[in-house]
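Engineer: below are the sequence and a predicted model for it; my questions follow.
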Amino acid sequence: PKRGGRLTAGLTGGSSSDTLDAQQGVNNVDFSRLLQLYNPLVAYDSQVRPTLALAEEFTPNSTATQWTVRVKKGITFHDGKPLTADDVLFSITRIVKGKLPGSSMLPALDLAAMKKLDTYTVLLPFHTPYASVMEAMAGYSYYLNIVPVGYDPKHPVGTGPFKYQSFTPGVQSVFVRNPDYWEHGLPYLDEVVVVDYADANSQLNALQSGQADVINLLSADVIGTVESSGAKTVVSPGGGFTPFTMRVDQAPFNDVRVRQAFRLIANRPQMNSVVFEGHGVLGNDIFSIYDPEYDRGIAQREQDIAQAKSLLRSAGQDGLTVELVTSDIAQGTLGVAQVFAQQAAAANVKVNLRQVNVTEFYGSNYLKWTFAQDYWYFSDYLPQVGQATLPTSPFNETHFDNARYNALYQEAVATLDKAKQAEITHEMQHIDWTEGGYIIPYFPPVIDGHAAKVQGVLPGKTGLSLNAYGFKSMWLD
C-alpha cells in the first residue's frame, strides 16, 4: 500500500437531511460518513462475524444478565482526549435515553445499574438474560458508535480513521486522515471526499471522467460499461435485503391472504436475472440469510399465479389496484419495482408505481407507506427482529405485531443454549414466512465500481457498499 492522496467517493442514496450524528444515520451516504468518523465497541468483519473493535473484552456472567466490557487502552478521540469507560457510559446513556435507533438493541438494559468498574471497564446489567447482545451490537454497530462525554454532533469528534473537515448535507463531505488512529498503519489516504449523486448515470459519468474514484450501488447491467472504460467492478454476495413492505394494519394487506398472494406473484429467479443478471441470491421472505440460525428447511416459495388469484378472490380482492412507492434508494429497487408490476398483471393485479426522490422517501411518510420498498444491511436474525418486526422496533415499516412472535423473541434473546435458541427462531421464521409483511424475493449483490488506480477495494457480506465503506484500507497506486 502507498500513502497519501485524495479519494473521491461518488455515492447515491443520500438526501438533504443527511447527518453526521454518530448514532442517528438513516441512509447509505450517512453510514459512509459515520464509518469514517467513529467506531463501535463491536462490529462485523467482512464475513459478518462479530468482532471486537474499541472493546478488548466483552464477556458475560453465567446467566448473561451482566456483561463486562473493557475498552482498549491508548485510543484517543480526534481532539486528543483518551477513550475511557466514561465515554462508553455517556454514549450508551445518550442512545437509550434519547430513544435513538440503537436503543432497540439494548431493550432490557438496566440503565440505572450500569456502572464504571475502573478507568477502562464498564458493567452492562440487564433485567433479563441477553445471550445475543454481542451479535446485536455488531449487527447495528453503525447506530452504537462511541462518542466522547459532552459530544456535539455539530462538531463531530470520534475515534475513527478520518477526521471531520466539512459537511454540506446532500452535497459533499470532506474528511482528513487521523494520524493517531488506533488500527496500526491505517489509514493510507490523506483525504476522503464523499459526493452525493442523484443516480447511477451521474455516478458512471463521474467515474469515467475521473471526477469520482469509487462509486456504489450499481446495477448488473452497467458492469460492462464500467469495465470497458478501464475501471473495475467488485461484486459482493451481500447479505443485505431490499424488501417490498406491506403494512399489515392497512387494507388490503391487513388480510393475510392478500400478503400471501403478493408473495406468490413474485417470480424470484426472473427478478434476479432481469435486474441483477443472476448475481443475487434467491430469497424466501425471511431476512438474515448468513445467520447460522437461518432456517433453510422452510420450503422455497415459488411463483404460483393460480394460487395467488384464488387467494385474492377469497379475500374479495379480485382485480385489485395498489400503489407501490419506489425510489432509487438502493441497487435495483426501481428495476425490480417495474418487474413486479409486470408480474402482478398476470394475477389481475394492477400495480401503479409512484416514484419519489430519496429525500421524500425517507421523509415524514417513511414507515407510513402502505406498500413500498426499503434497504437493509445484513444483521443476524434476532437483532434484525429487534429493529424491524416488533411493535417496539424503531423501523417497523410493516407494522407487524404478532403476540406469539413477540413472546418467542423475548424467549430467544434470553436463551444461552444455541440449539434451543435456533428452535425458537425457526418458529419465528415460520411466522415470518406465513404471516409477515415483507416480500424478500432475493438478496441483492453489492456492485461497486472503482478507478484502476484505487487498490484495496474488497468484497464483503455486510450489504454495505465498498466493504462497509472501508476507505481506511484503500490506497491510490
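Structural biologist: Done, it's in.

Engineer: from now on I want contacts and neighbour counts done on CA atoms only, so please keep to that.
Structural biologist: Noted.

Engineer: got the phi/psi numbers for Gly10?
Structural biologist: phi -100, psi 110 (degrees, to the nearest 10).

Engineer: measure how buried it is and give me the count.
Structural biologist: Around Gly10 there are 28 other residues, counting by other CA atoms under 10 Å.

Engineer: which residues touch it?
Structural biologist: Contacts for Gly10 (CA atoms under 8 Å, 6 or more residues apart in numbering) come out as Val194, Val195, Asp196, Tyr197, Gln203, Ala206, Leu207, Ala212, Asp213, Val214, Ile215, Asn216.

Engineer: so which of those residues are in strands?
Structural biologist: Val194, Val195, Asp196, Tyr197, Val214, Ile215 (DSSP state E).

Engineer: run through the neighbouring helices and strands of the top helix by length along the chain.
Structural biologist: Counting residues, the longest helix found in the chain (DSSP state H) is helix 418-435. If you count contacts as 3 or more CA pairs under 8 Å, 6 or more residues apart in numbering; DSSP states H and E, helix 418-435 packs onto helix 256-265, helix 403-413.

Engineer: residues contacting the residue most central in space within the chain?
Structural biologist: Central residue of the chain (CA atoms, centre = their mean): Tyr377, 2.5 Å from the mean position. Taking CA under 8 Å, 6+ apart, we find Tyr377 in contact with Gly239, Gly240, Phe241, Thr462, Gly463, Leu464.

Engineer: pLDDT at it, what is it?
Structural biologist: We note a pLDDT of 90 for Tyr377 in this prediction.

Engineer: need the phi and psi values for it.
Structural biologist: For Tyr377, the backbone dihedrals (degrees, to the nearest 10) come out as phi -80, psi 170.

Engineer: so what's it closest to, chain neighbours aside?
Structural biologist: Gly240 (4.0 Å; CA to CA, 6 or more residues apart in numbering).

Engineer: count the neighbours of that neighbour for me.
Structural biologist: By the measure other CA under 10 Å, the count of residues near Gly240 is 24.

Engineer: list the buried residues for the helix or strand bottoming out on mean pLDDT in the chain?
Structural biologist: Taking mean pLDDT, DSSP states H and E as the measure, the chain has helix 358-361 as its least confident helix or strand, at a mean of 89. Within helix 358-361, the residues scored as buried using 16 or more other CA atoms under 10 Å are Val358, Thr359, Phe361.

Engineer: got a pLDDT number for Lys472?
Structural biologist: For Lys472, the model assigns a pLDDT of 98.

Engineer: how near is it to Tyr197?
Structural biologist: 22 Å (CA to CA, to the nearest Å).

Engineer: ok, now Phe162?
Structural biologist: Applying CA to CA to Phe162 and Tyr197 gives a distance of 22 Å.

Engineer: between these two, which one's more packed in?
Structural biologist: Neighbours per residue (other CA under 10 Å) separate Phe162 from Tyr197, with Phe162 holding more: 31 against 22.

Engineer: list the contacts of the more buried one.
Structural biologist: Gln36, Leu37, Phe175, Val176, Arg177, Asn178, Pro187, Glu191, Val192, Lys472.

Engineer: surely Tyr258 touches Leu312?
Structural biologist: I think there's a mix-up here, since residue 258 is Val and not Tyr. Yes: between Val258 and Leu312 there is a contact under CA atoms under 8 Å: 5.9 Å.

Engineer: any common contacting residues for the two?
Structural biologist: Counting by CA under 8 Å, 6+ apart, Val258 and Leu312 have no common neighbour.

Engineer: give the ChimeraX command for selecting the buried subset of the contacts of Phe162.
Structural biologist: Only the buried entries of the contacts of Phe162 go into this ChimeraX selection, using 16+ other CA under 10 Å:
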select :36,37,175,176,177,178,187,191,192,472
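
Engineer: ok, so of the contacts of Phe162, who is nearest Leu111?
Structural biologist: Minimum distance to Leu111 across the contacts of Phe162 is 26.2 Å, recorded for Leu37 (CA to CA).

Engineer: rounded mean pLDDT for the strand or helix carrying Thr225, please.
Structural biologist: Per DSSP states H and E: Thr225 is located in helix 223-228. What helix 223-228 shows for mean pLDDT is 93.

Engineer: which of the residues in it are buried?
Structural biologist: By 16+ other CA under 10 Å, the buried positions in helix 223-228 come out as Ile223, Val226.

Engineer: helices of the stretch 301-450 of the chain, residue ranges please.
Structural biologist: All helices of the stretch 301-450 of the chain, identified by DSSP state H, counting those that start in this stretch, fall at 305-314, 333-345, 358-361, 381-388, 403-413, 418-435.

Engineer: most neighbours per residue, which of those helices?
Structural biologist: Most buried of the helices of the stretch 301-450 of the chain, by mean neighbour count (mean count of other CA atoms under 10 Å): helix 381-388, with a mean of 23.
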